[in-house]
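Asker: Requesting a structural model of the entry that follows:
(one chain, ligands or ions: 1)
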Amino acid sequence: MRFLLNLFENNRAWAQRISSEDPDFFSKLSQQQQPEYLWIGCSDARVPANEIVGLLPGELFVHRNVANVVVHTDLNCLSVVQFAIDVLKVKHIIVCGHYGCGGINAVINRSELGLIDNWLRYVEDVYLKYRAPLDAIADPIQRADKLCELNVVEQVENLCRTTVVQNAWKNGQPLAVHGWVYRVDDGILRDLNICLNNANEMPTLHAAARRIVTAT
Ligand code: CO
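Answerer: Below you'll find the predicted structure:
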């Protein structure tokens, strides 16, 4: 093997460290996965889902894409959500955005980055929806932070409107959907106080958006 030997060395050291703490860890894990949480986050290398929330392999089911977007025609994301809810029976889905997101910044700055611009149109839709309050913010970093938060609200709404989530709630399956934001420059998660346990709580998302828009 000629390439990336350091990664293989890291891997062996990691597996040894875990096995030394719990010799049965990997054999137990190979039997089944029973994560209680699904994480939908950004692909950004600085936002590693498991590490941020201190969870081990097997404890967090994960879907990541640029700017943590949930689109009702994205077969990839929908399949992850459906499998997580119907088969794994996760009890919580966390949509986690992050400040300093390159995808959000590209929309704010109207950058042209190539094919990815088409994906980011979903974030641009969020920007256009809240254009008046966002454009009223003079500081570009504050404006981007606000769009990060509003993007989480919108993606939580998109997730909650999927037939998969709606049916789970209709069938009385315990399932909470949460909206969080992570700050890359201090490593701290921030709860946007978005937590939906059933379809009747959908209007709380509009309150959350209002809260974000009016907060200074
Ligand atoms: Co990002």
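Asker: From now on I want contacts and neighbour counts done on CA atoms only, so please keep to that.
Answerer: Noted.
Asker: next helix or strand past the helix or strand where Ala13 lies?
Answerer: According to DSSP states H and E, Ala13 maps onto helix 5-21. Counting by DSSP H and E, the next helix or strand C-terminal to helix 5-21 is helix 25-31.
Asker: Direction included, what does the helix or strand following that following helix pair against?
Answerer: Counting by DSSP H and E, the element after helix 25-31 in chain order, helix or strand, is strand 37-42. The strands beside strand 37-42 in its sheet (DSSP bridges) come out as strand 60-65 (parallel), strand 92-99 (parallel).
Asker: Quick one: residues in contact with strand 37-42.
Answerer: Strand 37-42 is contacted by residues 47, 49, 59-68, 81, 84, 90-98 when judged by C-alpha atoms under 8 Å, 6 or more residues apart in numbering.
Asker: tell me the mean pLDDT over it?
Answerer: Mean pLDDT, strand 37-42: 98.
Asker: ok now that strand, how far from the chain's centre?
Answerer: Relative to the centre of its chain, strand 37-42 is centred 4 Å away, using C-alpha atoms, centre = their mean, to the nearest Å.
Asker: so the one helix or strand Val156 maps to versus strand 37-42, what angle?
Answerer: Take DSSP H and E as the rule and Val156 turns out to sit in helix 140-160. Inter-element angle recorded for helix 140-160 and strand 37-42: 140 degrees (by axes from the mean of the first three to the mean of the last three C-alpha atoms, to 10 degrees).
Asker: So helix 140-160, near the ion or not?
Answerer: No - with C-alpha under 5 Å from the ion as the criterion, the ion is not reached by helix 140-160; the gap is at least 8.9 Å.
Asker: What helices and strands are in contact with that helix?
Answerer: Counting contacts by 3 or more C-alpha pairs under 8 Å, 6 or more residues apart in numbering; DSSP states H and E, helix 140-160 is packed against strand 92-99, helix 102-109, helix 121-129, helix 131-135, strand 176-183, helix 204-214.
Asker: Hey, what's the angle from that helix to helix 102-109? Just curious.
Answerer: Going by the same axes, to 10 degrees, helix 140-160 is angled at 120 degrees with respect to helix 102-109.
Asker: Can you get me the start-to-end distance on stretch 172-185?
Answerer: Length of stretch 172-185, first residue to last, C-alpha to C-alpha, to the nearest Å: 39 Å.
Asker: Also stretch 181-191?
Answerer: With C-alpha to C-alpha as the measure, the ends of stretch 181-191 fall 7 Å from one another.
Asker: any idea how far it is from the chain center?
Answerer: For stretch 181-191, the distance to the chain centre is 13 Å (C-alpha atoms, centre = their mean).
Asker: Tell me which residues of it come out buried.
Answerer: For stretch 181-191, burial by neighbour count (16 or more other C-alpha atoms under 10 Å) applies to Val181, Tyr182, Arg183, Leu189.
Asker: what does stretch 112-121 give?
Answerer: Buried, per 16+ other C-alpha under 10 Å, within stretch 112-121: Asp117, Leu120.
Asker: Run through who's touching the helix holding Val156.
Answerer: Under the contact criterion C-alpha under 8 Å, 6+ apart, helix 140-160 has outside partners 68-72, 95-101, 104-105, 108, 123, 126-127, 134-135, 137, 165-166, 177-181, 192, 194, 199, 202, 205, 208-209, 212-213.
Asker: Equivalent analysis for stretch 73-90, please.
Answerer: Under C-alpha under 8 Å, 6+ apart, the answer for stretch 73-90 is 33-38, 61, 63, 70-72, 91, 164-165, 168, 175.
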